[in-house]
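[1] give the three-dimensional model of this entry:
(one chain, ligands or ions: 1)
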Amino acid sequence: MPAGFLVALEGIDGAGKTTQARLLVEWLRGRGFDARYTYEPTRGPFGRILRSMAHARNVDPRLEALLFAADRLHHLIRVINPLLERGLIIVSDRYLHSSLAYQSVTTGDQKWVEEINKFARRPDLGIYLDVSASGGLNRLARRRKRSRFEDEGFLERVREKYLEYVERGELVKVDAGRPVDDVFSDITSIVEEALRGRR
Ligand code: TMP
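    Got it, this is the predicted structure:
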């Protein structure tokens, strides 16, 4: 049985990751792949702590970075790795690069964020949905109360970090400021190319 494949969808808040990740899972299933949607922060023990802190003030960014890393390791051990061993394609709505981007900005220490996440394997394919901070916030405006992370200046800095990982060749950038179908069509081309020869 072939080993599985881990696709991560990344981007700042309001980039459209969840919509695209769900569409991608359906598309993969339609092509005969056994695909599964998952997300971070998870609903596991560490993810629940993170969610309870989402609107809190004065949260120490180092503690929060450790919790995101713990949540990720738990996610890998309990969910992702077992499914990969069964040969599934996992589509994760946020993964490692969310911490590398967000927590590098909140802690100001990218090397340390890399270090505490060193047990998290790189995704087989990381797709970065690029929108401007104002574009992302406009999309969120109608949705719900803003979390601490939803500040335009902050998100612009997170975006710069993501773009750094695009430059390094770890993420593939897709312009996500366009209609859903256009963005999705780029995503499926990238995934198709990455999966060529499988199944
Ligand atoms: P969500 O809106 O995609 O559920 O994510 C919740 C927030 O958590 C979002 O503002 C991004 C943030 N986040 C991090 O800062 N670091 C991480 O590692 C992850 C997974 C999410």
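
[2] any idea how far the residue minimising distance to the centre of the chain lies from S185?
    By Cα atoms, centre = their mean, the chain has its centre lying nearest to R94, at 1.7 Å. From R94 across to S185, the span is 22 Å (Cβ to Cβ, to the nearest Å). Heads up, the C-betas are built off the backbone N, CA and C, glycines and all.

[3] so which helix or strand takes in L9?
    L9 belongs to strand 5-10 when elements are defined using DSSP states H and E.

[4] now do the helix or strand just after that strand against strand 5-10, angle only.
    Once the chain leaves strand 5-10, the next helix or strand it forms, by DSSP H and E, is helix 17-30. Inter-element angle recorded for helix 17-30 and strand 5-10: 160 degrees (by axes from the mean of the first three to the mean of the last three Cα atoms, to 10 degrees).

[5] so helix 17-30, near the ligand or not?
    No - applying Cβ under 6 Å from any ligand atom, one finds helix 17-30 separated from the ligand by no less than 6.5 Å.

[6] which helices and strands sit right next to the following helix or strand past that helix?
    Next helix or strand after helix 17-30 toward the C-terminus (DSSP H and E): strand 35-39. The elements that strand 35-39 packs onto, with contact taken as 3 or more Cβ pairs under 8 Å, 6 or more residues apart in numbering; DSSP states H and E, are helix 17-30, strand 89-93.

[7] which of the ones you listed sits closest to L155?
    L155 lies closest, by Cβ to Cβ, to one member of these: helix 17-30, at 13.7 Å.

[8] contact partners of that closest one?
    Helix 17-30 is contacted by residues 7, 9-11, 35-37, 39, 89, 91-94, 129, 176, 180, 183-184, 187-188, 191 when judged by Cβ atoms under 8 Å, 6 or more residues apart in numbering.

[9] do stretch 62-77 as well
    Under Cβ under 8 Å, 6+ apart, the answer for stretch 62-77 is 38, 40-42, 44-47, 49-50, 53, 95-96, 98-99, 102-103, 106-107, 112-113, 116-117, 119-121.

[10] switch to 7 Å and redo it
    40-42, 44-47, 49-50, 53, 96, 99, 103, 106-107, 113, 116-117, 119-120 (Cβ atoms under 7 Å, 6 or more residues apart in numbering).

[11] any of those residues buried? List them.
    The neighbour count (16 or more other Cβ atoms under 10 Å) marks 40-42, 44, 46-47, 50, 53, 96, 99, 103, 106-107, 113, 116-117, 120 as buried among the contacts of stretch 62-77.

[12] filter those down to the ones close to the ligand.
    Among those, the residues lying close to the ligand (Cβ under 6 Å from any ligand atom) are E40, P41, S99, Q103.

[13] the last one contacts V113, correct?
    Yes - the pair Q103 and V113 qualifies as a contact (Cβ atoms under 7 Å) at a distance of 4.6 Å.

[14] thanks again, I'm all set now.
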